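Novice: sequence plus predicted model, see below.
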Amino acid sequence: MQTLELQSVHKSFETLKVLEDVNLRVKQGEFAAIVGPSGCGKSTVLRMVAGLETADTGKVLAGGQPITKPSPDRMMIFQEHALYPWSTVEENVGFGLELANVPKQERRERVQAILEKVGLTGFEKYYPSQLSGGMRQRVSIARALVMDPDVLLLDEPYGALDAMTKLTMQNELLNLWQGSGKTMLLITHDIDEALYLADRIFVMSPRPGRVVETMDLDLPRPRNRNGERFIQLRQ
Ligand code: ADP
Ligand code: MG
């Protein structure tokens, strides 16, 4: 179980104070989002949870234990998807399993199963440059999911996609998440996206970032995407 927690986290990059007393808590299985203006430290928070960045002071915990390094239990998905351009879809997706010394046959089966889940069966031998932006992001999600992590960390995954593709991908993400028991922590500067996807939203202030509001949304799915929901929320 991986309850994620930041307790009184402070972080500066040299003289630039980026995070000031950030507190948040996400339970296993929740879909949470962090929203806030550009530069407020959202990616820094996510990178800390991924184990790619350390806090100056305060605690960053998973399941009550300090996060000190990256772990296949917590996989990160980036906006720019960061695929290896010289590797095929199946190589990109299977790379983490190869590093973890998973035997070839099992690797192949797990890659196949995940590609089917994200709708990429038949594209195993394609290179990233031969795919659309949405498909590349599906590869990136498959690459994370194939490790069967408890936690998926998504850093503005749909920021670069057109509106239609974005909506399709958001619905696919919900389908992948529902019933999986996985924790989702998504960063976005798009409040509509957070309201559509998440059950708990942390709102950050401009830099130095801190969590100024936590919203729990008790709204059924599927949700519509108009402002009505937001007004209901505010009643
Ligand atoms: P957000 O994701 O909310 O846009 P970031 O967490 O990426 O914000 O960055 C917050 C601030 O910290 C920005 O001003 C950024 O330039 C700065 N920053 C982030 N990472 C580093 C780093 N490794 N070195 C120096 N400055 C950084
Ligand atoms: Mg960012």
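Specialist: Arrived safely. Ligands and ions are numbered 1, 2, ... in the order given.

Novice: what does the chain put close to ligand 2?
Specialist: Within the chain, the residues that sit near ligand 2 (C-beta under 5 Å from the ion) are K42, S43. C-betas here are computed from N, CA, C, even on glycine.

Novice: how far away from the center of its chain is the helix or strand encompassing R108?
Specialist: Taking DSSP states H and E as the definition, one finds R108 inside helix 104-117. The chain centroid and the centroid of helix 104-117 are separated by 22 Å, computed with C-alpha atoms, centre = their mean, to the nearest Å.

Novice: mind giving me the packing neighbours of it?
Specialist: helix 89-99, helix 133-145 (3 or more C-beta pairs under 8 Å, 6 or more residues apart in numbering; DSSP states H and E).

Novice: and the contacts of that helix?
Specialist: Residues outside helix 104-117 that contact it (C-beta atoms under 8 Å, 6 or more residues apart in numbering) are 89-90, 93-94, 97-98, 102, 121, 123-124, 142, 145-146, 176.

Novice: go with 6 Å
Specialist: For helix 104-117, the surrounding residues in contact (C-beta atoms under 6 Å, 6 or more residues apart in numbering) are E90, V93, G94, L97, T121, A142, L145, V146.

Novice: between it and helix 133-145, how big is the angle?
Specialist: Counting by axes from the mean of the first three to the mean of the last three C-alpha atoms, to 10 degrees, helix 104-117 lies at 140 degrees to helix 133-145.

Novice: picking that back up, which one of the helices and strands packed on helix 104-117 lies closest to ligand 1?
Specialist: Among the helices and strands packed on helix 104-117, helix 133-145 comes nearest to ligand 1, with 17.6 Å by C-beta to the nearest ligand atom.

Novice: any idea which helix or strand carries the residue nearest the centre of the chain?
Specialist: In the chain, the centroid-proximal residue (C-alpha atoms, centre = their mean) is L154; its distance is 1.8 Å. Per DSSP H and E: L154 is located in strand 151-155.

Novice: what residues sit buried inside the helix holding R108?
Specialist: Using 16 or more other C-beta atoms under 10 Å as the test for burial, helix 104-117 gives R107, R110, V111, I114, L115, K117.

Novice: helices along this protein, start to end?
Specialist: 42-50, 89-99, 104-117, 133-145, 163-177, 191-197, 228-234 (DSSP state H).

Novice: got CSV for those helices, with mean pLDDT too?
Specialist: Below are the helices of the chain laid out as CSV (pLDDT from 0 to 100):
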stretch, mean pLDDT
helix 42-50, 97
helix 89-99, 95
helix 104-117, 96
helix 133-145, 94
helix 163-177, 90
helix 191-197, 91
helix 228-234, 44
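
Novice: same list (those helices) but as CSV, adding distance to ligand 1.
Specialist: Below are the helices of the chain laid out as CSV (distance: least, C-beta to the nearest ligand atom, whole Å):
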stretch, distance to ligand 1
helix 42-50, 3
helix 89-99, 24
helix 104-117, 27
helix 133-145, 18
helix 163-177, 18
helix 191-197, 14
helix 228-234, 22
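
Novice: E30: which of those helices is closest?
Specialist: The minimum distance between E30 and those falls on helix 163-177, with 9.9 Å, by C-beta to C-beta.

Novice: contacts for that closest one, please.
Specialist: G134, Y158, M184.

Novice: quick check, distance from it to the centre of its chain.
Specialist: Distance, centroid of helix 163-177 to centroid of chain: 13 Å (C-alpha atoms, centre = their mean).

Novice: what residues sit buried inside it?
Specialist: So, applying 16+ other C-beta under 10 Å, buried residues of helix 163-177: T165, K166, M169, Q170, E172, L173, L174, L176, W177.
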